[in-house]
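Engineer: take a look and give me a structure for this.
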Amino acid sequence: MLPHLASRIFGTPLLVHRAKLDVILSAIGPRLGIDNPIPADTRELLAAVPAPRSNIPGAIGIAVIPIHGTLVKRTLGLEAASGLTSYQDISVMLDAALADPSVTGILLDVDSPGGEASGSFELARRVREAAAVKPIWAVANDAAFSAAYAIASSTERIVVTETGGVGSIGVIALHIDQSVKDANDGYRYTAITAGRHKNDFSPHEPLTDTAKSELQTEVDRLYDIFVSHVAAMRGLPEMAVRATEAALYFGPNATAAGLADAVGTLEATLTEFSIYLSSRGRKAPPARAVSRNGATHSLENVMSEKEVQVEMISVDEAAAQLAERVAEARREVTQSAQAIAELCLIAGCPDKAAAFIAEGKSEADVRRVLCEAKAIRSEATPIHSTITPEAGTDVSQRPESSPVVAAVKKLTTKE
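Structural biologist: Numbering: from 1, shown residues only. Now for the predicted structure:
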């Protein structure tokens with residue numbers, strides 16, 4: 001397992017915040033035979049970095065997907081306690097939320113320094129595709145750096161906490177040269193290879209100029225993909241994304257740079273998201289903030305140069321309005337269900353009421369279906385007559401011979 005971990009850290013491009021990479025090296029470096037990969041004072045400072053917080057349950061109808069810890073393509077048996085989250089697991093949770101009919105919106109709770117480049121952009125594009133099915137927002141709670149930001153930027157709206165940060169739009173690759181240590185330990189490695197590049201990035205030899213150039217080319221290629229992705233997702237010029245130089249942006253600075261849309265807590269975002277979901281079709285999504293010429297504008301202003309007026313309401317008022325709408329909707333559903341049950345009872349098929357209600361049919365729909373069914377049954381039922389062909393010749397079968405007709409004639413005559 002250790003050689004495999006080393007191959008996923010060294011000599012390969014990573015979308016990870018550099019400080020977190022140093023934390024990883026300080027934790028597993030000694031197990032890989034690397035003594036003190038970073039200075040002691042730096043290790044003490046990094047040890048104070050808080051662990052990811054546990055996920056906070058979301059509002060009814062909102063699936064909260066946690067994206068915590070270092071991100072990898074596959075965990076390969078490593079548990080979540082190891083601080084890893086795989087793109088594969090996130091994708092599974094995303095698919096489950098999309099398939100759940102009770103879920104109307106998805107919120108990504110992001111607290112990650114990033115991780116492996118492999119698989120990150122595939123998941124980021126998957127998030128954007130899923131956003132066309134159900135609304136998806138993200139909260140940097142408290143970190144959405146590098147690969148984690150690539151995923152968060154694919155959502156429709158990004159909120160960052162007051163102490164949270166986003167960014168680190170860059171790529172890094174490390175090569176460790178332990179040839180001097182090998183010599184001091186009495187080891188000398190000789191690689192017998194076929195293929196000029198087979199021994200590139202070996203930790204037992206200094207990095208050649210050719211290998212360094214090739215690794216830089218791959219880092220630049222992934223950087224171009226990263227920049228293009230963020231620019232497209234956030235509606236920013238690529239030049240503006242490159243100008244961040246992989247820096248970190250916290251709180252209001254993140255919104256000023258156009259990398260986030262608002263500053264707020266996870267709880268406040270859940271409330272805002274609930275209000276938005278309950279009024280879909282009547283209310284546009286909150287305006288996205290981007291930076292231009294040192295000023296903050298909504299994305300709509302950048303695209304159309306028009307001012308957008310956003311109605312601001314307090315959280316208490318919004319919560320009260322949401323509760324009233326929910327109560328009204330429940331009353332309407334109850335009344336409709338009672339009417340459907342009565343119609344089915346009158347039609348002689350009370351067992352069908354539950355199915356009609358589950359399908360979401362209205363009272364008018366059920367009435368039409370029952371009438372059509374009644375008409376079909378009537379047409380299929382043969383008409384039986386009690387008048388025989390001999391009725392015209394049999395005196396007893398004639399109307400004037402009927403005692404009922406005779407009684408009626410007698411009454412009318414008396415009158």
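
Engineer: which residues touch stretch 347-354?
Structural biologist: Stretch 347-354 has contacts (Cβ atoms under 8 Å, 6 or more residues apart in numbering) with 337, 340-341, 343-345, 370, 373-374. No exception for glycine: its C-beta is placed from N, CA and C like everyone else's.

Engineer: which stretches of the protein form strands?
Structural biologist: Applying DSSP state E to the chain gives strands spanning 14-16, 62-68, 70-72, 84-86, 105-112, 114-116, 136-145, 157-160, 165-167, 248-250, 262-263, 289-292, 295-298.

Engineer: okay, those in TSV with distance to residue 174 and mean pLDDT next?
Structural biologist: Shown next, in TSV, are the strands of the chain (distance: least, Cβ to Cβ, whole Å; pLDDT from 0 to 100):
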stretch	distance to residue 174	mean pLDDT
strand 14-16	8	54
strand 62-68	24	94
strand 70-72	15	91
strand 84-86	18	89
strand 105-112	19	96
strand 114-116	13	90
strand 136-145	17	95
strand 157-160	28	97
strand 165-167	20	95
strand 248-250	19	95
strand 262-263	34	96
strand 289-292	32	48
strand 295-298	36	48
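
Engineer: which of those strands sits closest to residue 215?
Structural biologist: With respect to residue 215, and counting by Cβ to Cβ, the nearest of those is strand 14-16 at 11.7 Å.

Engineer: pLDDT on stretch 183-192, on average?
Structural biologist: Stretch 183-192 shows an average pLDDT of 88 in the prediction.

Engineer: quick check: the two most widely separated of the contacts of stretch 347-354?
Structural biologist: 337 and 374 (21.7 Å).

Engineer: show me how the chain divides into domains.
Structural biologist: 2-304, 316-380 (automatic domain parsing).

Engineer: comparing these by mean pLDDT, which bottoms out?
Structural biologist: Per-stretch mean pLDDT for the domains of the chain is lowest at domain 316-380 (a mean of 70).

Engineer: so who does residue 211 touch?
Structural biologist: Counted by Cβ under 8 Å, 6+ apart, residue 211 has contacts 197, 200-201.

Engineer: please redo it, this time with the cut-off set to 10 Å
Structural biologist: Listed by Cβ atoms under 10 Å, 6 or more residues apart in numbering, the contact set of residue 211 reads 11, 175, 197, 199-202, 205.

Engineer: select only the buried ones of those residues in ChimeraX?
Structural biologist: To isolate the buried members of the contacts of residue 211 in ChimeraX, using 16 or more other Cβ atoms under 10 Å:
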select :11,175,200,201,202,205
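
Engineer: now render the contacts of residue 211 as CSV, adding distance to residue 256.
Structural biologist: Converted to CSV, the contacts of residue 211 look like this (distance: Cβ to Cβ, whole Å):
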residue, distance to residue 256
11, 37
175, 36
197, 45
199, 48
200, 42
201, 40
202, 45
205, 46
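
Engineer: identify the farthest-apart pair in the contacts of residue 211.
Structural biologist: Going by Cβ to Cβ, the pair spanning those furthest: 175 and 197, at 14.1 Å.

Engineer: redo the strands of the chain as a markdown table? Include mean neighbour count and distance to residue 356.
Structural biologist: Converted to a markdown table, those look like this (neighbours: other Cβ atoms under 10 Å; distance: least, Cβ to Cβ, whole Å):
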| stretch | mean neighbour count | distance to residue 356 |
| --- | --- | --- |
| strand 14-16 | 27 | 51 |
| strand 62-68 | 21 | 28 |
| strand 70-72 | 25 | 46 |
| strand 84-86 | 20 | 43 |
| strand 105-112 | 25 | 28 |
| strand 114-116 | 26 | 50 |
| strand 136-145 | 28 | 33 |
| strand 157-160 | 28 | 37 |
| strand 165-167 | 27 | 48 |
| strand 248-250 | 21 | 53 |
| strand 262-263 | 19 | 43 |
| strand 289-292 | 19 | 46 |
| strand 295-298 | 15 | 45 |
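
Engineer: phi, psi of the nearest residue to residue 246 once chain neighbours are set aside?
Structural biologist: Spatial nearest neighbour of residue 246, excluding adjacent residues (Cβ to Cβ, 6 or more residues apart in numbering): residue 170 at 2.9 Å. In terms of degrees, to the nearest 10, the main-chain angles of residue 170 are phi -160, psi 180.

Engineer: correct me if wrong: residue 170 contacts residue 219.
Structural biologist: Yes: with contact defined as Cβ atoms under 10 Å, residue 170 reaches residue 219; the gap is 9.0 Å.

Engineer: which of the two has more residues huddled nearby?
Structural biologist: residue 170 (23 against 18; other Cβ atoms under 10 Å).

Engineer: against residue 104, how distant is that one?
Structural biologist: Taking Cβ to Cβ, to the nearest Å as the measure, residue 170 falls 36 Å from residue 104.

Engineer: distance check, residue 188 against residue 181.
Structural biologist: From residue 188 to residue 181 the distance is 12 Å (Cβ to Cβ).

Engineer: neighbour count: these two, which is higher?
Structural biologist: In this view residue 188 and residue 181 are compared by other Cβ under 10 Å, and residue 181 has more residues nearby, 15 against 9.

Engineer: surely the more buried one and residue 189 touch.
Structural biologist: No: the criterion here is Cβ under 10 Å, and residue 181 misses it with residue 189 at 11.6 Å.
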